[in-house]
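**Student:** please find the sequence and the predicted model below.
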Amino acid sequence: MAYLDIPAEQSSPSHFDAVVVGAGFAGLYALHKLRDQLGLRVRVFEAGHGVGGTWFWNQYPGARCDVESLHYSYSFLAELQQEWNWSEKYASQPEILAYLNHVADRFDLRSDISFETRVTSAVWNEHDRVWEIGCGDGSAVTARYLICGSGNLSVPKDPQFDGMENFDGEVYLTGRWPHDGVNFEGKKVAVVGTGSSGIQVITEIAKKADHLTVFQRTPNYATPLRNVPADPERTAAIKANYPQVRENARKTRGGVPDYNPLPSALTVTPEERRRVFDECWDAGGFQLYVGSFQDILIDKSANATISEYIRERISERIDNPALAEKLIPTDYPYGTKRPPFETGYYEIFNQPNVTLVDVRETPIVSVTSGGVLTTDSEHEADILVLATGFDAITGPVLDMGIIGRDGETLNDKWAHGPRTYLGLSVHGFPNLFLVTGPQSPSVLYNMPLAIEDHVDFIADAIEYCRRNGVETIEARLAAEDAWVAHTVELSDATLLPETDAWWMTGGTNGKPRVCMLYIGGAAAYREICAKVVADGYDGFDVSAQRSASFAGTSSRRE
Ligand code: N01
């Protein structure tokens, strides 16, 4: 039986049923699912020379995940879950990259991936109902479906300080780290940025560098990760019960089943509240954020209790009170920026080889030949590390030059912030699917599970179209508008819009800050998606019937 029926001219080697962008967690699973389970002809384009996405690019010292690896891993195949063993509770970047390479080999994925190939244009051809996709190397293909598995945090910001071109030393972005490593021994190092990446890399560089100068703009509420070697008993217990563990995970807000927050930080006694915070602090990782009290992101007074608790715990670890004051955040509520986790971060500021520069007090003026000049003094550096974050969530998709129906660019459509239906589909851009796109739970949901859910949804949608002779699938405008409004309403009921954070858009020139995530939780989101499917893809336009010319040939992969 023909799988996708396509016209003869589209059965050429440069036509695919689906093109997938990116070979990280999303792209690898999408390739396996669409090619091996649906039998489609699929091509993956990946800018890097290897698989891994985020875990390929972010090879800086200290990079590791902060969701327990037994959960932060694929669930789609029982054997894969059983055969892989994590050596630590929170795996380091090299181990996660090894895992993704194992997945690529196990499912023979590399043969359908074009490496070192960046998608630079994708134009919808309404006549032929295909995407015309151009790549940086000049190659071009067409595809019925375009699937963006390009990640949420994959386009690093590269701040160009005045005078960068005069710097005599080496400059590295954490998000584009050289794969043969960087030698910090005996060097003077400057790091700009104290988000999750900065906190991880700073802690490691402080162990090696002759001198480290940290340029901090906004102090962070970093709390202990408490990584430990994998516990064989816990591993065995989870592996013995993996299907149930995963099912339970998917019924939670964030895709990890180990959190049981109490309803409110305000309805317990101060002693009980302290006990809960201490317990969560000692447990490490996301426990404080997700496992303490349900109202810390909703109620200012509840948030004040946890923010103050964390300030107190940070200050205990810093010898110099004036330095502690600079390192402790006071002007935004805990959790309104994505919380970073640390292992010995604050202690490094007690070392004689580490200096903190608060760039809100003494802004960076320029980079000189020998270091970084602030309004106060020049800080010598042989190496400059930029841990300055990402053009988050929308950046990777907007980087591809996507043009939909009637010549509308995605950049124009999203000029005032992203607009999607379910974070999966965009009106005016038929047969385009976003994996963990804006206005889906994305980074608030354990990413491998979030990715699997989206890829499964996309595969089911393609299957539905095939069975029903539907040529294009696309969000209806009204459904998209309603979904955007719903996501804004949810985030407006929280404290998130109070703070500039990478998951917000707007916030400058008087524009409202709008959250780019669906924050109703993974479980609620999954229910909504299931209902959309049960109601015949409610909110999607699936009315375009395949024309007679589309019958006959098969693109099925043999
Ligand atoms: O990026 P960020 P990140 N001058 O945007 C500062 C995930 N992640 O790469 O806050 C001076 O958080 C900026 O200052 P400010 C995780 O989801 C996970 O660290 O804008 N400073 C901030 O301090 C995370 O949240 C892991 O005032 C400048 C920093 O640079 C997300 O990725 C590990 C500046 C950027 O912080 C992003 O984290 C790593 C300038 N011109 C990342 N421009 C795990 O552990 C920017 N900054 C799983």
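**Tutor:** Cool, the structure landed.
**Student:** drop to CA atoms for contacts and neighbour counts, all remaining ones
**Tutor:** Will do.
**Student:** name the helix or strand for Val189, please.
**Tutor:** strand 188-192 (DSSP states H and E).
**Student:** give me the secondary structure label for the most centrally placed residue in the chain.
**Tutor:** With the centre of the chain defined as its mean C-alpha position, the nearest residue by Cα atoms, centre = their mean is Asn152, 3.8 Å away. Going by DSSP: H, G, I helix; E, B strand; the rest coil, the secondary structure assigned to Asn152 is coil.
**Student:** could you do Asp17 as well?
**Tutor:** Recorded secondary structure, Asp17: strand (three-state DSSP).
**Student:** returning to that earlier point: the strand holding Val189 near the ligand at all?
**Tutor:** Yes. Using Cα under 6 Å from any ligand atom, a contact is recorded between strand 188-192 and the ligand, made by Val192.
**Student:** neighbouring contacts of the helix or strand immediately after that strand in the chain?
**Tutor:** In the C-terminal direction, the helix or strand that comes right after strand 188-192 (DSSP H and E) is helix 196-208. Taking contacts as Cα atoms under 8 Å, 6 or more residues apart in numbering, the residues outside helix 196-208 that touch it are 60-63, 174, 184-186, 191-192, 212, 214, 339-345, 348, 353-354, 387-389.
**Student:** of those residues, buried ones?
**Tutor:** Among the contacts of helix 196-208, those classed as buried by neighbour count (16 or more other Cα atoms under 10 Å) are 60-63, 174, 184, 191-192, 212, 214, 339-345, 348, 353-354, 387-389.
**Student:** elements contacting the strand or helix carrying Leu146?
**Tutor:** Under the assignment given by DSSP H and E, the secondary-structure element containing Leu146 is strand 140-148. Using 3 or more Cα pairs under 8 Å, 6 or more residues apart in numbering; DSSP states H and E as the contact test, the elements touching strand 140-148 are strand 15-21, strand 130-135, strand 432-434.
**Student:** centre of the chain to stretch 484-499, how far?
**Tutor:** Mean-position distance between stretch 484-499 and its chain equals 19 Å (Cα atoms, centre = their mean, to the nearest Å).
**Student:** my bad, stretch 240-256
**Tutor:** Between the mean C-alpha point of stretch 240-256 and the mean C-alpha point of its chain there is a distance of 20 Å (Cα atoms, centre = their mean).
**Student:** isn't Asp376 right next to Thr362, touching?
**Tutor:** Yes. In this structure, Asp376 is within contact of Thr362 by Cα atoms under 8 Å, at 5.9 Å.
**Student:** remind me what the longest helix seen in the chain packs against, helices and strands.
**Tutor:** Among the elements of the chain assigned as helix by DSSP state H, the one spanning the most residues is helix 447-467. Based on contacts counted as 3+ Cα pairs under 8 Å, 6+ apart, the elements that helix 447-467 packs against are helix 25-31.
**Student:** what about the closest residue to Glu408 other than its chain neighbours, neighbour count?
**Tutor:** Ranked by Cα to Cα, 6 or more residues apart in numbering and with sequence neighbours excluded, the top spatial neighbour of Glu408 is Gly428, at 7.7 Å. Neighbourhood size, Gly428 [other Cα atoms under 10 Å]: 21.
**Student:** ok, now which ones touch Gly428?
**Tutor:** Residues counted as contacts of Gly428 (Cα under 8 Å, 6+ apart) are Gly404, Arg405, Glu408, Glu474, Ala475.
**Student:** neighbour-wise, which of those leads?
**Tutor:** Looking at the contacts of Gly428 with neighbours defined as other Cα under 10 Å, the largest count falls to Ala475 at 26 neighbours.
**Student:** separation between it and Val532?
**Tutor:** Summarising the geometry, the distance separating Ala475 from Val532, computed by Cα to Cα, to the nearest Å, is 11 Å.
**Student:** what residues are shared contacts of the two?
**Tutor:** Common neighbours of Ala475 and Val532, using Cα under 8 Å, 6+ apart, are Gly539.
**Student:** point out the residues in the stretch 451-558 of the chain that sit beside the ligand.
**Tutor:** If contact is defined as Cα under 6 Å from any ligand atom, the residues of the stretch 451-558 of the chain in contact with the ligand are Trp502.
**Student:** for the stretch 451-558 of the chain, what spans make up the helices?
**Tutor:** 477-492, 522-534 (DSSP state H, counting those that start in this stretch).
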